[in-house]
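Asks: coordinates only, sequence not included:
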């Protein structure tokens with residue numbers, strides 16, 4: 001092909017791509033500030049990165065939600081949950097207590113494809129205990145200051161929320177009578193586990209397709225075990241229809257993540273193909289055009305496409321009921337114990 005024709009074809013293709021392609025994604029901080037009127041501040045404490053999200057102009061002291069993300073996630077994860085609670089008037093402190101959890105998908109087990117062993121490690125007793133101890137140290141450090149990121153916090157009205165291993169830790173806290181005990185717990189996609197005797201009132205959020213790519217959960221219904229072992233009057237179960245484990249993470253893609261969120265592979269339980277993988281969720285996926293990375297926690301693409309409004313509204317209502325004296329609304333997907 002003559003050089004002139006090649007240049008003309010390249011120019012035509014470039015213009016077509018520019019005209020027909022999607023707009024560039026906005027950074028999450030920009031969307032949060034300009035569209036959701038939220039303030040985001042990050043800082044380090046005890047070697048861990050924390051992110052504080054609150055409504056712009058909200059006066060303190062603010063009731064607190066501490067959010068613990070899932071396997072392989074950092075303090076920037078779970079933006080949809082965090083934004084919903086912040087818009088409801090809470091200061092949300094997100095933190096991954098252990099570096100081992102944050103770096104899970106960069107570990108030797110992940111690189112070698114040993115995902116069941118990786119899951120057993122991160123849900124196992126050693127990291128489970130270390131994660132709980134690290135959380136208690138972090139909370140003690142936060143409570144030692146009158147303000148956090150310039151915001152006065154009301155620790156007398158505080159909740160603990162988490163996804164995956166974060167949900168496990170949130171439910172574990174009731175087994176340890178020492179130190180801080182929140183007034184409420186939100187456990188999103190928890191592993192099969194018994195609730196501790198002293199677990200605060202808890203809302204468990206799962207779905208009928210909340211699957212497992214690591215091989216640790218055989219049926220989505222097993223995730224309700226903690227709810228079934230809570231004391232009567234101390235628990236609520238929100239079971240959403242057709243929402244995947246990855247989507248329950250509520251994680252949105254910051255600028256530049258969209259390509260790596262185009263996954264390939266099938267659902268570990270159904271064999272169907274769709275985007276997104278979770279730590280205990282969809283099938284073993286890798287980013288298109290690259291080496292397999294395993295079932296990552298909370299596909300941003302999938303979370304962005306699934307309607308979580310019902311869950312977010314009910315979770316905020318649960319916080320209001322436990323921390324502000326409100327009442328839980330009736331909902332066909334919500335079951336009280």
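Replies: Now that the structure is in, tell me what you want to look at. On a predicted model such as this, the values are computed, not experimentally measured, just so you know.

Asks: Show me what the helix or strand encompassing residue 314 is packed against.
Replies: With secondary structure defined by DSSP states H and E, residue 314 is part of helix 309-323. If contacts are counted by 3 or more Cβ pairs under 8 Å, 6 or more residues apart in numbering; DSSP states H and E, helix 309-323 sits against strand 62-68, helix 79-87, strand 151-163, strand 184-188, strand 202-209, strand 235-244. Every residue, glycine included, has its C-beta placed from N, CA and C.

Asks: elements contacting whichever helix or strand comes after the last one?
Replies: This points to strand 235-244. As assigned by DSSP H and E, the chain's next helix or strand after strand 235-244 is helix 245-248. For helix 245-248, the packing partners by 3+ Cβ pairs under 8 Å, 6+ apart come out as strand 202-209, helix 300-305.

Asks: Lowest average pLDDT across these?
Replies: Between the helices and strands packed on helix 245-248, the one with the least mean pLDDT is helix 300-305; it has a mean of 51.

Asks: need the helices and strands packed on helix 309-323 in a markdown table with distance to residue 215 and mean neighbour count, can you?
Replies: Below are those laid out as a markdown table (distance: least, Cβ to Cβ, whole Å; neighbours: other Cβ atoms under 10 Å):
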| stretch | distance to residue 215 | mean neighbour count |
| --- | --- | --- |
| strand 62-68 | 23 | 26 |
| helix 79-87 | 26 | 25 |
| strand 151-163 | 19 | 22 |
| strand 184-188 | 20 | 28 |
| strand 202-209 | 17 | 24 |
| strand 235-244 | 17 | 20 |
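
Asks: Residue 102 is nearest to which of the ones you listed?
Replies: Residue 102 lies closest to strand 62-68 among those, at 11.3 Å (Cβ to Cβ).

Asks: which stretches of this protein form strands?
Replies: 38-45, 48-55, 62-68, 91-95, 147-148, 151-163, 184-188, 202-209, 235-244, 263-264, 286-287, 334-336 (DSSP state E).

Asks: Show me where the stretch 151-300 of the chain dips below the pLDDT cut-off.
Replies: Applying pLDDT under 70 to the stretch 151-300 of the chain picks out residues 175, 177, 253-300.

Asks: now the helix holding residue 314, how far from the chain's geometric center?
Replies: 16 Å (Cα atoms, centre = their mean, to the nearest Å).

Asks: Pull out the buried positions in it.
Replies: Residues of helix 309-323 classed as buried by neighbour count (16 or more other Cβ atoms under 10 Å): 311, 312, 314, 315, 316, 317, 318, 319, 320, 321, 322, 323.

Asks: Show me which of those residues is closest to residue 155.
Replies: Checking the buried residues of helix 309-323 one by one against residue 155 (Cβ to Cβ), the nearest turns out to be residue 323, at 11.1 Å.

Asks: Now do the same contact list for the closest one.
Replies: 63, 157, 158, 159, 183, 184 (Cβ atoms under 8 Å, 6 or more residues apart in numbering).

Asks: redo that, cut-off 7 Å
Replies: 63, 157, 159, 183, 184 (Cβ atoms under 7 Å, 6 or more residues apart in numbering).

Asks: Kindly report the same for residue 136.
Replies: Contacts of residue 136 by Cβ under 7 Å, 6+ apart are 179, 180.

Asks: Now do it, the pLDDT please.
Replies: Reported pLDDT for residue 136: 94.

Asks: go on, the one 10 residues further on?
Replies: According to the per-residue confidence, residue 146 scores 83 in pLDDT.

Asks: still on that earlier bit, now the helix holding residue 314 and strand 62-68, what's the angle there?
Replies: Interaxial angle, helix 309-323 versus strand 62-68 (axes from the mean of the first three to the mean of the last three Cα atoms, to 10 degrees): 120 degrees.

Asks: pLDDT averaged over helix 309-323 - what is it?
Replies: Helix 309-323 shows a mean pLDDT of 95.
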